[in-house]
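Chemist: okay, sequence plus prediction incoming.
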Amino acid sequence: MNVYRNKLKIRIAYSAVLVAVLLTVMFLSNMGYIGNPAVEKDFFKGFINGLCFSAVFMSVFSIVRYVMMLKDKKKLKEQYIKENDELKKKIVSDAGTNEYYFIVTGLGAGTIIGGYLNIYVFWSFYIALFYCCIVREILCFWYKRKYKSDESDYEE
């Protein structure tokens, strides 16, 4: 269980660094220190701020959740069991994990950079990012139903 505790501490540190970087980027961008004001539109600034605020919110939420888990052995054990569930691992594995995260990160960065270059580049990356996220959710839903029905076949 100490290995899992250390894993959570690393997640907390990563989330804290992410929050600091995103808040710094938002501040510098909104103050006009980074970016090209001639290219930026209010819509694009709103998109960047919304993306950063949602990432900050999710990171802070996960930090609080992990800190609460570290203090409560029962919650820690429940989360450990939940994360190491074989069915969930099979579903996530079949839906694709590593490739998905690299693709979404790249498309997210492309969306941001594209917004500084051209509105058409921005929308192209944004639609591709949306498509990848939708496909991921459909695959997770599909495999969840598939494996749940396989379990019920064995129970009968």
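Modeler: Arrived safely, thanks for sending. Given the structure is predicted, the values throughout are model-derived calculations rather than measurements. Residues are numbered from 1 along each chain as shown.
Chemist: counting by contacts, list what the longest helix seen in the chain packs against.
Modeler: Taking DSSP state H as the criterion, the chain has its longest helix at helix 119-155. If contacts are counted by 3 or more C-beta pairs under 8 Å, 6 or more residues apart in numbering; DSSP states H and E, helix 119-155 sits against helix 86-95, helix 98-117. To be clear about C-beta, it is placed using only N, CA and C from the backbone, and glycine gets the same treatment.
Chemist: and among those helices, the most buried is which?
Modeler: Stretch with highest mean neighbour count among those: helix 98-117 (a mean of 15; mean count of other C-beta atoms under 10 Å).
Chemist: what's the mean pLDDT across that helix?
Modeler: Average pLDDT, helix 98-117: 86.
Chemist: closest one to residue 50 among the helices and strands packed on helix 119-155?
Modeler: helix 98-117 (11.9 Å; C-beta to C-beta).
Chemist: helices and strands around the closest one, which ones?
Modeler: By 3+ C-beta pairs under 8 Å, 6+ apart, helix 98-117 packs against helix 42-71, helix 119-155.
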